[in-house]
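**Student:** Coordinates only, no sequence provided:
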């Protein structure tokens, strides 16, 4: 992805989260912005993975809960 100019945003954090964020930034010798940007990237990457998994499984047959429980009972599992 090409580098773009950073955009400014105002974000309000719970005070305990803000303290943890500042401590994390200090501990890792990074800015708060860098830590937040990384966290957002990780979160969005996880969303992309989840969406891909859903897309890959879209053609799988579905089983209703009722049918599943009925089959478990018929097999003697419950």
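**Tutor:** On my side now, so go ahead. In this text, all values refer to a predicted model and were calculated from it rather than measured experimentally. Numbers count the residues shown, from 1 in each chain.
**Student:** now residue 56: how far from residue 42?
**Tutor:** 21 Å (CB to CB, to the nearest Å). Where C-beta positions appear, they are placed from N, C-alpha and C, glycine not excepted.
**Student:** longest helix of this protein?
**Tutor:** Longest helix of the chain, by residue count under DSSP state H: helix 32-57.
**Student:** just how off-centre is that one within its chain?
**Tutor:** 6 Å (CA atoms, centre = their mean, to the nearest Å).
**Student:** so what does that helix touch, helix or strand wise?
**Tutor:** helix 15-27 (3 or more CB pairs under 8 Å, 6 or more residues apart in numbering; DSSP states H and E).
**Student:** Looking at the longest helix of the chain now, give me its mean pLDDT.
**Tutor:** Helix 32-57 shows a mean pLDDT of 96.
**Student:** So which bits of it are buried?
**Tutor:** Residues 35, 36 are the ones in helix 32-57 that count as buried (16 or more other CB atoms under 10 Å).
**Student:** Quick check: what element follows that helix along the chain?
**Tutor:** Using DSSP states H and E, the helix or strand that follows helix 32-57 towards the C-terminus is helix 65-74.
**Student:** And residue 26, how close does it get to residue 34?
**Tutor:** From residue 26 across to residue 34, the span is 12 Å (CB to CB).
**Student:** same deal with residue 77?
**Tutor:** To residue 34, residue 77 is 51 Å away according to CB to CB.
**Student:** now residue 8
**Tutor:** Residue 8 is 15 Å from residue 34, by CB to CB.
**Student:** which residues make contact with stretch 60-76 from outside it?
**Tutor:** residue 78 (CB atoms under 8 Å, 6 or more residues apart in numbering).
**Student:** do that again at 10 Å, thanks
**Tutor:** 77, 78 (CB atoms under 10 Å, 6 or more residues apart in numbering).
**Student:** Next, the distance between the ends of it.
**Tutor:** 26 Å (CA to CA, to the nearest Å).
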